[in-house]
Structures are given as C-alpha cells and as structure tokens.
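Asks: Quick one, fold the following:
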Amino acid sequence: MRVERMLIRARKDAASIARSSVTVKRAGAPVKNRETGKLEPSWEVIYAGRGRLRFTAGEPREGDQAGQRFSDQSPTLSLPISGTAGIRVDDIVEFNDNPFDPAGTLLKLRVTGVHVQTHSTTRRLPVEVLNFS
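Replies: Residues are numbered from 1 along each chain as shown. Next comes the predicted model:
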C-alpha cells in the first residue's frame, strides 16, 4: 500500500508542473475539403489536457551520416499516465497554450516512441519537432 500512496503523490507532483495545454491527435480517413476539393485527413483527438515538453540536450547534437547532415535535440513530452495509454507512434501533438513561453504554441510534434514503465509518474514520450510556426 505504501508504494501506491507514494506513486499517487509523485503523479500529483508531476502533474502540478505540467502547465502547457496540448492536444494529441491521429490522422483518420481522408475527407474531401469543400473549398479546395482535395482529400485531407480527418483528425481524431486522442488526448487533450496538460503536458510538459523538455529538451534533454540544451544544444543540438549535430553529425554527418552517409553524407547527410543531421541535428538531434531529443525532446520528450511528458503527459499524465491516466488517459494517455492510447497514444501511439506517429500521433501529432499541438500546443494550445504555454503560460511560461508563448513561443511554445508554435510547435507541432510527432510522437516517435512509446513509454510504459511499472512505477512511472508521467508518460514520457520521445517526440520530434515537425515545425515551428
């Protein structure tokens, strides 16, 4: 029982610092845009609520692989455990509000991995930045 109480407390503490508002959505069946006539994906909301984004490296790790330059910052999106089990690789994350850095609302991310752990306080998902605009 003691572990359960400690985990509940730790999850509450983790949730208290996740102050950004995020939406995680998944592309669904294509639908026709009435204005353009083109097919566009429909979107299913998987999670809407608080989240926290951290870049583990302050500076990007740069390299050259097979003649291609790359830059990796390894961002991690932390979400509550409850209500986020359905998030999958390739889901899209949008920031709706970031009270501590308004530029955060310009980010669009893609989930690149999963996170499941026995005593996790948050669901820490590896993500990549799709755009900043």
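
Asks: tell me the secondary structure for residue 128?
Replies: The local conformation at residue 128, judged by DSSP: H, G, I helix; E, B strand; the rest coil, is strand.

Asks: bridging residues for it?
Replies: Per DSSP bridges, the residues bridged to residue 128 are residue 110.

Asks: Quick check: residue 7 is in a helix.
Replies: Yes. Counting by three-state DSSP, residue 7 is part of a helix.

Asks: Name all residues that make contact with it.
Replies: 119, 121 (C-beta atoms under 8 Å, 6 or more residues apart in numbering). (Glycine included, C-beta is placed from N, CA and C.)

Asks: Check what pLDDT residue 36 gets.
Replies: With respect to pLDDT, residue 36 scores 94.

Asks: So what's the residue count around it?
Replies: 8 (other C-beta atoms under 10 Å).

Asks: show me what contacts residue 80?
Replies: Going by C-beta under 8 Å, 6+ apart, residue 80 touches 11, 14-15, 18, 49-50, 122-123.

Asks: at 10 Å instead, please
Replies: 11-12, 14-15, 18, 47, 49-51, 121-123 (C-beta atoms under 10 Å, 6 or more residues apart in numbering).

Asks: Starting from residue 11, give me the distance back to it.
Replies: Distance, residue 80 to residue 11, by C-beta to C-beta, to the nearest Å: 7 Å.

Asks: Mind listing the shared neighbours of those two?
Replies: The contact sets of residue 80 and residue 11 overlap at 121-122 (C-beta under 10 Å, 6+ apart).

Asks: sorry, back to before: so which of the contacts of residue 80 wins on neighbours?
Replies: The most crowded member of these, judged by other C-beta under 10 Å, is residue 51 (26 neighbours).

Asks: who does that residue bridge with?
Replies: Bridge pairing for residue 51 - DSSP bridges - gives residue 20.

Asks: Which strand or helix spans residue 13?
Replies: Residue 13 is part of helix 2-17 when elements are defined by DSSP states H and E.
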